[in-house]
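Visitor: No sequence on hand, only this structure:
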């Protein structure tokens, strides 16, 4: 420990001014991982747990940091728990920092196929198929956000305790917050925090001036509910989100909203600076005697990808010495990129808009593209990367990867078009854009239709993710670039309006396209928000919506353009990025937040004709099982050649698709359950 203290102190003292830095690292645990299992050429791994201690320059461009308590040097200090999985032979290893999602490790579940028990990777089961270990990556996780709801006993979520902003003389800062919530079934009691999250509670307990409203759609007028008709209840468990009860019960199909004055805002973006500074520290010093990484990548899924987007927007990818904290970034399903949330007063990191929910929360805002565009409504010009270059003008290599669902629910088209959705915008040279067609936000595994109308999409976009992670590693190391961007375009007709999508979608199917997708409004939080991150208008005023588009469907209803994976190259049915909400859950006009749909082709021509299905049957497409197997193998080979499938994953891709083919043929279409879509064997 003494060596690390000395190195960290030297870095701090040599800075020309007070600088953001990791001042010291304390190691709490260092043990073999997975029982010293050998992961091929990478060998065995170890697990390291510890705490990093930070000091931030209060002028670091973070909202409210100047108001946070400082130490005798004038710096704002805090700490963060971290976890590292590192090969014992770590020399030359690439480090991947996984931005945790609501406190939970994400990359192992999606890339290696197994989310670790209790968020604490320990044994061989927690390594899944060991993909990241077999390829020798060092994995790093740390706490960055505070709004993580309490979890089951034994779980170890990564939860951050940020500095708290203070008012003049050290008094509390107050401000309005809104908390939108819905229920999917009638309920006497409801939680009003965001998904699996926490919120700021009222500054005054049981405040009589709190306003509870209801409305049917996001843009409808809010109707107040009498204060005597509802009351606050204690959280279900200590430290959990607050609850309210309502006379006559909360009902599906209603958007409820609590608005009140809160106090003591967290300096939320200190967590983002902590990510940056931990990566910079490991880049220069390693951890606990280990070598520094050969290069550093940052990876984020959904909320976590939006965190990376905010870091890039605000220049928080560059440390206080002017160096890049990471060489490459992989933003998985970030939608429009996440350039608005996480760095404002009273930020609620877990909130984000979809077609139905949370349109009042800052999540995405202009600029969306990585080359310069102009917003025709506001007249502003800019690029996503305006502040992301280091002191020498170098930018990290970046991959954006969305699924079809993000075009319907998360404004994903905006990262490739002008803000009005009128023209294509090419990405910067250091950026690749990929759209996994027919896939949903996560790989579907639900064997029931509820709470939606259709069975979920079965497309496995985790396989191209694996290939692209290795591509990004090679690219940042000076090797071959990843495949060219594969994203739908306006110019070639693969990116269209919802009206055009509906007109082109095959008629007479048992699934029907939505009437709209998300078109996020421009939000006006008042004059201080853009410069200081302080909202004076809560809820915000909605301005003109951005112009968003969706991928065009082919004759089968499968999306065109982008990355058409094996499932669409040798299709067994229609995979969409949208699903309809069941009537009894309310909001039947809206789409599921994260889920797509799958409707198999009829097995035979006679079944197709009887069902009035315009799509050719499986028998017409594939006269025999052998023909289908050959087509799947050919599709997999073409995906390998294109760089979206690894040779080591061909067998898995073929097995998944041939297995689904067999289960569809064995399934009675009169059985409306979805159980047949998924294998009962691993």
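Guide: Nice, thanks for sending it over. Owing to the predicted nature of the structure, the values given are computational and were not obtained by experimental measurement.

Visitor: which residues does residue 31 contact?
Guide: 46-47 (C-beta atoms under 8 Å, 6 or more residues apart in numbering). The C-beta positions use only the backbone N, C-alpha and C, and glycine is treated the same way.

Visitor: For it, grab phi and psi.
Guide: Here is the backbone geometry of residue 31 (degrees, to the nearest 10): phi -140, psi 160.

Visitor: For it, give the beta-bridge partners.
Guide: Beta-bridge partners for residue 31, by DSSP bridges, are residue 47.

Visitor: What's the separation between the residue lying farthest from the centre of the chain and residue 334?
Guide: What lies farthest from the middle of the chain is residue 606; by C-alpha atoms, centre = their mean that is 43.2 Å. With distances taken as C-beta to C-beta, to the nearest Å, residue 606 is found 45 Å from residue 334.

Visitor: returning to what we had before: how far is the helix or strand harbouring the residue farthest from the centre of the chain from where the chain is centred?
Guide: Applying DSSP states H and E as the criterion places residue 606 in helix 605-611. Centroid separation for helix 605-611 versus its chain: 41 Å, with C-alpha atoms, centre = their mean, to the nearest Å.

Visitor: what is the mean pLDDT for it?
Guide: In this model, helix 605-611 has a mean pLDDT of 97.

Visitor: repeat for stretch 317-325
Guide: 96.

Visitor: how far does it stretch from start to finish?
Guide: With C-alpha to C-alpha, to the nearest Å as the measure, stretch 317-325 spans 5 Å from end to end.

Visitor: to the chain's geometric centre, what's the distance from it?
Guide: Using C-alpha atoms, centre = their mean, the offset of stretch 317-325 from its chain centre is 24 Å.

Visitor: residues making contact with it?
Guide: By C-beta under 8 Å, 6+ apart, stretch 317-325 touches 15, 19-21, 57, 60, 275-277, 279-280, 283, 296, 311, 326, 329, 388-392, 394-396.

Visitor: Which of the residues in that stretch are classified as buried?
Guide: Using 16 or more other C-beta atoms under 10 Å as the test for burial, stretch 317-325 gives 317-321, 324-325.

Visitor: Distance to residue 302 and secondary structure for those residues - can I get that in CSV?
Guide: Listed next are these as CSV, based on distance: C-beta to C-beta, whole Å; DSSP: H, G, I helix; E, B strand; the rest coil:
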residue, distance to residue 302, secondary structure
317, 19, coil
318, 24, strand
319, 26, coil
320, 29, coil
321, 31, coil
324, 24, strand
325, 21, coil
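
Visitor: Just send the residues you listed back as JSON lines, with distance to residue 213 too.
Guide: Below are the buried residues of stretch 317-325 laid out as JSON lines (distance: C-beta to C-beta, whole Å):
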{"residue": "317", "distance to residue 213": "39"}
{"residue": "318", "distance to residue 213": "42"}
{"residue": "319", "distance to residue 213": "44"}
{"residue": "320", "distance to residue 213": "44"}
{"residue": "321", "distance to residue 213": "49"}
{"residue": "324", "distance to residue 213": "45"}
{"residue": "325", "distance to residue 213": "42"}
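
Visitor: Identify, from those, the entry nearest to residue 27.
Guide: residue 325 (21.4 Å; C-beta to C-beta).

Visitor: tally of neighbours for residue 527?
Guide: Residue 527 has 11 neighbouring residues, counting by other C-beta atoms under 10 Å.

Visitor: That one and residue 536 touch, don't they?
Guide: Yes - Residue 527 is within contact range of residue 536, at 6.8 Å (criterion: C-beta atoms under 8 Å).

Visitor: Who are the contact partners of the most centrally placed residue in the chain?
Guide: Geometric centre of the chain, nearest residue: residue 302, 0.5 Å, by C-alpha atoms, centre = their mean. Contact partners of residue 302, counting by C-beta under 8 Å, 6+ apart, are 101, 106, 332-334, 441.

Visitor: now swap in residue 334 and tell me
Guide: 300, 302, 305-306, 308-309, 400, 402, 406, 410.

Visitor: in the stretch 401-550 of the chain, which spans are strands?
Guide: Counting by DSSP state E, counting those that start in this stretch, the stretch 401-550 of the chain has these strands, from start to end: 431-436, 495-496, 521-524, 541-545, 550-551.

Visitor: So for residue 45, which of the ones you listed sits nearest?
Guide: So among these, strand 431-436 is nearest, using C-beta to C-beta, at 29.3 Å.

Visitor: other SSEs contacting that closest one?
Guide: strand 397-403, helix 404-409, helix 462-476 (3 or more C-beta pairs under 8 Å, 6 or more residues apart in numbering; DSSP states H and E).

Visitor: Could you dump the ones you listed into a markdown table with distance to residue 144, mean pLDDT and mean neighbour count added?
Guide: Below are the helices and strands packed on strand 431-436 laid out as a markdown table (distance: least, C-beta to C-beta, whole Å; pLDDT from 0 to 100; neighbours: other C-beta atoms under 10 Å):
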| stretch | distance to residue 144 | mean pLDDT | mean neighbour count |
| --- | --- | --- | --- |
| strand 397-403 | 19 | 98 | 28 |
| helix 404-409 | 22 | 98 | 30 |
| helix 462-476 | 21 | 98 | 22 |
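
Visitor: mind checking which of these is nearest residue 346?
Guide: helix 404-409 (24.7 Å).

Visitor: what does that closest one rub up against?
Guide: By C-beta under 8 Å, 6+ apart, helix 404-409 touches 333-335, 354-355, 412-413, 435-441, 488, 514, 517-518, 548-551, 559, 575-578, 591, 593-596.

Visitor: Strands of the stretch 201-350 of the chain, start to end?
Guide: Using DSSP E, counting those that start in this stretch, strands in the stretch 201-350 of the chain cover 211-215, 223-225, 230-233, 243-250, 255-263, 295-301, 328-332.

Visitor: Deepest in the core, which of those strands is it.
Guide: Among the strands of the stretch 201-350 of the chain, ranked by average contacts under mean count of other C-beta atoms under 10 Å, first place goes to strand 328-332 (a mean of 28).

Visitor: quick check: angle from that one to strand 431-436?
Guide: 30 degrees (axes from the mean of the first three to the mean of the last three C-alpha atoms, to 10 degrees).

Visitor: in terms of contact count, name the helices or strands touching strand 328-332.
Guide: strand 295-301, helix 303-314, strand 397-403, helix 462-476.

Visitor: Residue 449 is nearest to which of those?
Guide: strand 397-403 (20.0 Å).

Visitor: distance of residue 644 from residue 120?
Guide: Taking C-beta to C-beta, one finds residue 644 at 32 Å from residue 120.

Visitor: and these two? which has more neighbours close in?
Guide: residue 644 (25 against 15).

Visitor: in the helix holding residue 606, what's buried?
Guide: residue 608.

Visitor: After it, which helix or strand is next? Please name it.
Guide: helix 618-621.

Visitor: what's the offset of that following helix from the middle of its chain?
Guide: 37 Å.

Visitor: Much appreciated, bye for now.
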